[in-house]
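In: Just need the structure, nothing else, for what follows:
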Amino acid sequence: MEPLRSLSELEDLPADWTPSTIGFRPPAAVDVERVDIMEQLQSLKRFDVEGKISGSYISTDGVSPGIKIQQKLFALPLGRNEFEVGKSACKVAQANIQDVEMGKVQLINPHWRTSVMKGVTSALANMGAQIGQFHIKLVNMSIVDGPNPRPLETQQSPGQDNHFANAFVVLPSDRGNANFKARHSGLSAEYGLRDSPLFSTHVVTLYTGVREASIAAVDGPICYLTYHIYAQSRPYPSLKNLTGPRGEISLALSAWRQRLSAGARPGPSTPSHFIYQLDSGAPIEEAYKLDGEPWSVREPVGIDLGWIENKKDERVLCHLIPAAKFYGFEVLLAKLKITQTCSWEVYREFEYYETVYQEDDYEMGEEGSKVKTSTKWILTNTQGDEVEWANLVKIIDGNVRQQRAIMNDHLDLTDNPNQEIEVTSLTQYSDTLTLTSTHFASYLVVVPFQA
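Out: Purely as a prediction, here's the structure:
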């Protein structure tokens, strides 16, 4: 399903707009029968708006791979003689681009793999890839001698969805200018490979699936090793986290709609709703702080898409709204004000009524006092029009109070930066203190369309 480029696109669309289905292939029925709807929707949490399609690292540890070709041991930095020997062991290729036959290559230094793993780990971190354990596999050795860019391998190994990235390890050599470039769906990366080329190993990592990537030797030949990188545990890092998990969203909503159409009752396999806590919140909440009024007297304000400023929230909505509309679901926005209060008695000096109490000195449930919680909700459609739906609000409220079935849940009621304290009654010897804590939160709610 083609996502929206930005939420502002909806401002110019009529209420009965139809999502673009260019190139869209609906999920197969057999897939829909087996799909775990909520598991597929978990992909929304993995959007990485700050991530990159590629990362780099420059290693100065001086470790050599110990390349041995035709009984000749290569020294670093590589010179013209080494390149000529390497070319003699190459397959037939373009004039300035050659791949060495891997059966003729030996890497005899046992410390080389540790050095590469360190470089790959650092490069993955620099591209923002969230990865635990992984392993690498050497698949190619290439020589580029000339300014024509060498297209790089970017495809995933067939049947191996844990092959999430490749690493290109450029060996030290007597070269001048060289560079790496990659592009994918408006995202790009470019690195010069000329920093200390005689003594440094340059490691570049790249997600599989990137549409265009190349390496060029503008001034002097270069030699690089290609490694496949395999994740050892799920969820695997993926280019989809940057560009959008369109397939997972479509699959989840397609399965949800088909089960409802078949008469399935709401339950674990067929949810009645989906709730996602948005990260947006600062614009309204900062305004509350600026005008000086206590948070406890503020009322929740209905929100619309124009209020969404968080990049991740916008990406989630841009991918979710078209698919939801296509499969007959409503996307609603909910603003919550949740207030907690507790009261307890504090003894003081006789008739000393001027005692000053600081809210930061106390916490909710002080002295074993009972905590009372109240909520107020404003439910709106994406245009900001208020929606009356008491049963749905009751369900959402129950989920929030019990802290369950909410994706991206980060409402922390133990964090109380907006506490207020007041004396609500007094005697000659004591004061009754009431502590109030107020939080605001925003949610995305998806429900089947109500005719």
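
In: give me every residue that touches Asn126.
Out: 52, 55-57 (Cβ atoms under 8 Å, 6 or more residues apart in numbering). For every residue, glycine as well, the C-beta is placed using N, CA and C.

In: In this protein, where is pLDDT below threshold?
Out: Along the chain, the model assigns pLDDT under 70 to residues 30, 92-96, 245, 281-292, 450-451.

In: Domain map for it?
Out: 7-47+244-448, 54-231 (automatic domain parsing).

In: And the helix or strand hosting Leu260, how far out from the chain middle?
Out: In this structure, Leu260 is located in helix 246-261 according to DSSP states H and E. Between the centre of helix 246-261 and the centre of its chain there are 22 Å (Cα atoms, centre = their mean, to the nearest Å).

In: which helices and strands sit right next to whichever helix or strand comes after that helix?
Out: Later in the chain than helix 246-261, the nearest helix or strand by DSSP H and E is strand 274-277. Contact partners of strand 274-277 among helices and strands, from 3 or more Cβ pairs under 8 Å, 6 or more residues apart in numbering; DSSP states H and E: strand 430-448.

In: partners of the strand it packs on in the sheet?
Out: strand 274-277 (antiparallel), strand 329-347 (antiparallel), strand 419-426 (antiparallel) (DSSP bridges).

In: Can you tell me what sits against the last one?
Out: The contact list for strand 419-426 (Cβ under 8 Å, 6+ apart) reads 294-296, 343, 353, 357-360, 362, 431-438.

In: Pull out the buried members of those.
Out: With burial judged by 16 or more other Cβ atoms under 10 Å, the buried subset of these is 295, 343, 359, 362, 431, 433, 435-438.

In: And the domains of the chain: which comes nearest Pro237?
Out: domain 54-231 (4.3 Å; Cβ to Cβ).

In: to the chain's geometric centre, what's the distance from that closest one?
Out: 27 Å.

In: and the end-to-end length of it?
Out: Terminal residues of domain 54-231 lie 16 Å apart, using Cα to Cα, to the nearest Å.

In: quick one: Gly368 and Leu426, what's the gap?
Out: Using Cβ to Cβ, to the nearest Å, Gly368 is found at 21 Å from Leu426.

In: Compare these two (neighbour count), which wins?
Out: Neighbours per residue, other Cβ atoms under 10 Å: of Gly368 and Leu426, the larger number sits with Leu426, 16 against 7.

In: Next, Ser238: secondary structure please.
Out: Three-state assignment for Ser238 (DSSP: H, G, I helix; E, B strand; the rest coil): coil.

In: So what's the residue count around it?
Out: 21.

In: Quick one: residues contacting the residue nearest to it when sequence neighbours are not counted.
Out: Leaving aside its chain neighbours, Ser238 sits nearest to Phe164 (6.0 Å; criterion: Cβ to Cβ, 6 or more residues apart in numbering). Neighbouring residues of Phe164 by Cβ under 8 Å, 6+ apart: 129, 131, 156, 207-208, 229-231, 236-238.

In: Same check on Met117?
Out: Contacts of Met117 (Cβ under 8 Å, 6+ apart): Ile136.
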